[in-house]
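In: 3D model of this:
(one chain, ligands or ions: 1)
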Amino acid sequence: MWNLAQGLAERRAAGLERHLRALQPVDGVRARHGRQELLLFCSNDYLGLAGDDRLRQAFTAEAARSGVGSGASHFVTGHRPVHEALEDRLAEWLQRDRVLLFSSGYLANLGVIDALVGRGDHVYQDRLNHASLLDGGRLSGARLVRYAHADMRQLEERLRREVAGRRLIVSDGVFSMDGDIAPLPELAALAARHDAALLVDDAHGFGVLGDTGCGSLQQAGLNQDQVPLLIGTLGKAAGTFGAFVAGPHAWIAHLRQQARTQIYTTAPPPALAAATLTAIEILGREHWRRQQLQSLIAQFRTRATQLGLRLLPSETPIQPVVVGDAAAAVDASRALEQRGILVSAIRPPTVPEGSARLRVTFSALHTAADVELLLDAMAGVPALRREVSG
Ligand SMILES: *Cc1c(COP(=O)(O)O)cnc(C)c1O
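Out: The predicted structure follows:
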């Protein structure tokens, strides 16, 4: 018999077991867990659109017209006018030639990387890249070359070492567990200089960064000639579900033929595409949501610094507070939960050993008073304060 129970027991003893919690939303930032109401600071619904009435209406209207499931993959009978409208709208908004929809960001990353490189090629990845990017590299069979986080000198040195085959540089736009933004202009320059392609996964920048919410590439002023492959997820700031890759005609045409995780899976529900179309309109227009986030981030960082919380250099709604030890991070998260505040503890292997943390995230629907509640609660947890934890 396989001794799975022993492995589980070891994970539990090391404080690495993950726990599920069924949460019933109360409003955009609160949810009920059993009888307790919790104020959430760990969702990726950055703009507060997941519960927006206009998205709900678009969703139900399309479901009334088209039913719930799409019934088949895109190439069979699952592709609908509303999918096409969403692809066109996203391309236009992002100023990329074309867009290809995927059912999730995880699938997009697997499918895109696997379709572009294979044996004999090289994939260069930042050490802190999202798990789905690493898995995409593994699936492709290309050789994985990792470089230290945001270390452009090391990346360049590694690019110099290998010249055979195709080279693909892959990076998070905003690093999901640290909240910092990748050195995008430098990545684009290195890619150009070494004849490599660049793929940016902007799961946490899309909707949040840039003048009109187009993401980290818009903020950095990079177009599709400089960064041919932009992947965005729709389950975070857009408040719905799914993902896309945007880029030049030839690249997207290739991916439409070759991305197996797009071809061999059921097309997303048309109602979801309709809700996302509505989300994209709102995203571009309602700048107050991004402004509110910036104001909450500034408020949090100022007072958290005064309190001696160990922040990371992040200017995005992802504001981790580093604890170090995995079990201590879990205890800190539990202590906050007892005070009615939910912030999830992130432990290895999601983050490097010894850097367990509470990953605080903000939503445009949080108020300044909500952030004060969070800070007051954090101030009462000794493990979170620099003086005490060393
Ligand atoms: C969340 C996330 C994904 C996965 O997107 P899903 O649509 O949730 O599957 C991919 N990359 C990064 C950086 C993410 O944070």
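In: and the chain, what are its domains?
Out: The record's domain parsing of the chain by automatic domain parsing lists 21-47+287-388, 53-285.
In: How far away from the center of its chain is the shortest one?
Out: Looking back up the chat, that one is domain 21-47+287-388. 17 Å (Cα atoms, centre = their mean, to the nearest Å).
In: Stretch 159-166 now?
Out: With Cα atoms, centre = their mean as the basis, stretch 159-166 stands 29 Å off its chain's centre.
In: ok, now how distant is A364 from the ligand?
Out: Per Cβ to the nearest ligand atom, to the nearest Å, A364 is found 18 Å from the ligand. (C-beta placed from N, C-alpha, C; glycine too.)
In: circling back to that earlier point, may I see the domains of the chain arranged in JSON lines, with mean neighbour count and mean pLDDT as well?
Out: Listed next are those as JSON lines, based on neighbours: other Cβ atoms under 10 Å; pLDDT from 0 to 100:
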{"stretch": "domain 21-47+287-388", "mean neighbour count": "18", "mean pLDDT": "95"}
{"stretch": "domain 53-285", "mean neighbour count": "20", "mean pLDDT": "97"}
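In: any idea what sits nearest the residue of the chain found nearest the ligand, other than its immediate chain neighbours?
Out: The chain approaches the ligand most closely through G105 (2.3 Å), counting by Cβ to the nearest ligand atom. Leaving aside its chain neighbours, G105 sits nearest to T233 (3.6 Å; criterion: Cβ to Cβ, 6 or more residues apart in numbering).
In: who does that neighbour bridge with?
Out: In this structure, T233 bridges to A243 when assessed by DSSP bridges.
In: Just checking, which helix or strand succeeds the helix or strand containing L336 along the chain?
Out: Per DSSP states H and E, L336 falls inside helix 326-338. For helix 326-338, the following helix or strand on the C-terminal side (DSSP H and E) is strand 341-342.
In: Show me what the helix or strand following that following strand is packed against.
Out: Later in the chain than strand 341-342, the nearest helix or strand by DSSP H and E is strand 344-346. In terms of contacts (3 or more Cβ pairs under 8 Å, 6 or more residues apart in numbering; DSSP states H and E), strand 344-346 is packed against helix 326-338, strand 356-361.
In: where does L100 fall, helix, sheet strand or coil?
Out: Under DSSP: H, G, I helix; E, B strand; the rest coil, L100 falls in the strand class.
In: wait, L283
Out: With three-state DSSP as the basis, L283 sits in helix.
In: Give me the residues contacting the one helix or strand Q299 maps to.
Out: Q299 belongs to helix 287-307 when assigned by DSSP H and E. With contact meaning Cβ atoms under 8 Å, 6 or more residues apart in numbering, helix 287-307 is reached by 46-48, 208-209, 212-213, 283, 311, 315-317, 319, 321, 360, 362-364, 366, 368, 371, 374-375, 378-379, 385.
In: So which of these are in helices?
Out: Judged by DSSP state H, the subset of the contacts of helix 287-307 located in helices is L283, A368, V371, L374, L375, M378, A379.
In: show me the contacts for the most centrally placed residue in the chain.
Out: In the chain, the centroid-proximal residue (Cα atoms, centre = their mean) is A203; its distance is 3.4 Å. Contacts for A203 (Cβ under 8 Å, 6+ apart) come out as G105, H130, D172, G173, V174, S176, I231, G232, T233, K236.
In: Could you give the bridge partners of the fifth one?
Out: This points to V174. I181.
In: Verify the stated contact: it with F206.
Out: No: taking contacts as Cβ atoms under 8 Å, V174 lies outside contact range of F206: 9.0 Å.
In: next SSE after whichever strand or helix holds Q257?
Out: Here Q257 is covered by helix 249-258, with elements defined by DSSP H and E. For helix 249-258, the following helix or strand on the C-terminal side (DSSP H and E) is helix 260-263.
In: hmm, who's touching that following helix?
Out: 73-75, 100-103, 107-108, 110-111, 114-115, 255-256.
In: just checking, what packs against the helix holding L336?
Out: Applying 3+ Cβ pairs under 8 Å, 6+ apart, one finds that helix 326-338 contacts strand 344-346, strand 356-361.
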